[in-house]
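# Here is my input, please return the structure:
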Amino acid sequence: MFRYSYDALVYFGEDISESIKRVARYGYDAIELVGEPDTQDGAAIRRQCEDAGIGVSSICSIYTGEARDLTNKSAENRRKAVDYSKRVADLAAASGAPIMIVAPSPVGKMAPESAPEQEWAWAVEGIKEIADHAASQNVKLCIEAWNRYETHFINRIPQALDLMRDVDKPNVGVMGDTFHMNIDDPDIAGAIRDAGKAMIHIHFADSNRAAPGAGHTDFVPIMQALKDVGYEGHITFELLPASSDPFATLRQGGGREFYDAYTRQAIEVIKSLEAKLV
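Numbers count the residues shown, from 1 in each chain. Here you go, the predicted structure:
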């Protein structure tokens, strides 16, 4: 039986206390927090979640801009990115989240600034340091692959696995996101099977990044693959409006279906499919 979580990132601009109540109301096991450690009180959030009868599944780290780029040509920016990631690990520990997401190159960086092998080496170096800090607090890292329209660096699960192997830390795995995988991984279920136990976290969204059932993704083979490899993490829904700037849509009052309607639909659709697995 899978456990389910919803990414608070979807509830853009909402107080976390309201997000916790909504997630609990619709029967989720946990919530995924936004990785902004300077604006969140992990211990207070942990208490609120306990009161609501849910946990914190994970931290969705926010890798945007040069100062959160582990592959940046500037040593100062790489240091800022590592330090930011360490603070996310601290937030994870304080809130009780066992896992934090790491994306080595920020969203929107569409071409390398340095030789590819140099960027790879910087990513390995940075993630190793973050992993050591996170391990001291019993937090795991999962390397996320984003699709080719969001980053040039890691686009497919096999690439994330290669980076994980080069980092070579026991608390580092990979994660999948069905929206991104639908674009760049030719076989989503096959990629999950190939990753096996290395896949320690996953995001679900339909082909249009809306709630499952709103697009054309077939989730049954994906879930069967997760079951077959013995996946132990949460299925976390990260849903966003189909826009070049989804947060602008949310900021302007659009995408209201991503709150109550899609929170309900996501878990209801996927739980109904879970019953079909063998």
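# for residue 64, what are its contacts?
106-108 (Cβ atoms under 8 Å, 6 or more residues apart in numbering). Just so you know, the C-beta spots here come from the backbone N, C-alpha and C atoms, and that holds for glycine as well.
# which one among those residues gets closest to residue 169?
residue 106 (21.8 Å; Cβ to Cβ).
# Give me the neighbour count for that closest one.
Using other Cβ atoms under 10 Å, residue 106 is surrounded by 22 other residues.
# Which neighbouring residues are in contact with it, exactly?
Per Cβ under 8 Å, 6+ apart, neighbours of residue 106: 63-66, 68-69, 151.
# same thing with residue 89?
So residue 89 contacts 100, 130, 133-134, 137, 139 (Cβ under 8 Å, 6+ apart).
# Can I get the contacts of residue 64 in a markdown table including distance to residue 203?
Converted to a markdown table, those look like this (distance: Cβ to Cβ, whole Å):
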| residue | distance to residue 203 |
| --- | --- |
| 106 | 18 |
| 107 | 14 |
| 108 | 19 |
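# for these, which one is nearest residue 196?
residue 107 (27.4 Å).
# Grab the nearest non-local neighbour of that closest one.
The shortest distance from residue 107 to any non-neighbouring residue, by Cβ to Cβ, 6 or more residues apart in numbering, is to residue 150 (5.1 Å).
# Assign a three-state SS to the one you found, would you?
Residue 150 falls in the coil class when you classify it by DSSP: H, G, I helix; E, B strand; the rest coil.
# That one reaches residue 103, doesn't it?
No: proximity of residue 150 to residue 103 does not meet the contact threshold set by Cβ atoms under 8 Å, at 9.2 Å.
# okay, these two: which has more neighbours?
Neighbour totals were compared for residue 150 and residue 103, and residue 103 leads with 27 against 18 (other Cβ under 10 Å).
# check contacts around that one.
For residue 103, the contact set (Cβ under 8 Å, 6+ apart) comprises 61, 63, 143-144, 146, 151, 154.
# Next, the distance between the ends of stretch 271-278.
The first and final residues of stretch 271-278 sit 14 Å from each other (Cα to Cα, to the nearest Å).
# From here on, call the first residue 804.
Happy to do that; since the first residue is 804 now, the last one works out to stretch 1074-1081.
# any idea of the mean pLDDT for that stretch?
Across stretch 1074-1081, pLDDT averages out at 94.
# ok so, going back, ok, so of the contacts of residue 867, who is nearest residue 835?
Using Cβ to Cβ, those come closest to residue 835 at residue 910, 17.0 Å.
# among the contacts of residue 892, who's most crowded?
residue 933 (28 neighbours).
# Ramachandran angles for residue 976?
Torsion angles at residue 976 (phi, psi; degrees, to the nearest 10) stand at phi -130, psi -160.
# Spit out the contact partners of it.
Going by Cβ under 8 Å, 6+ apart, the list of residues near residue 976 reads 943-946, 967, 1000-1004.
# From those, list just the buried residues.
Among the contacts of residue 976, those classed as buried by 16 or more other Cβ atoms under 10 Å are 943-946, 967, 1001-1004.
# how about the residues you listed in JSON lines, adding pLDDT, distance to residue 1018 and secondary structure?
Converted to JSON lines, the buried ones among the contacts of residue 976 look like this (pLDDT from 0 to 100; distance: Cβ to Cβ, whole Å; DSSP: H, G, I helix; E, B strand; the rest coil):
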{"residue": "943", "pLDDT": "98", "distance to residue 1018": "30", "secondary structure": "strand"}
{"residue": "944", "pLDDT": "98", "distance to residue 1018": "29", "secondary structure": "strand"}
{"residue": "945", "pLDDT": "98", "distance to residue 1018": "24", "secondary structure": "strand"}
{"residue": "946", "pLDDT": "98", "distance to residue 1018": "25", "secondary structure": "strand"}
{"residue": "967", "pLDDT": "98", "distance to residue 1018": "29", "secondary structure": "helix"}
{"residue": "1001", "pLDDT": "98", "distance to residue 1018": "27", "secondary structure": "helix"}
{"residue": "1002", "pLDDT": "98", "distance to residue 1018": "22", "secondary structure": "strand"}
{"residue": "1003", "pLDDT": "98", "distance to residue 1018": "25", "secondary structure": "strand"}
{"residue": "1004", "pLDDT": "98", "distance to residue 1018": "21", "secondary structure": "strand"}
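# I am finished for the moment; much appreciated.
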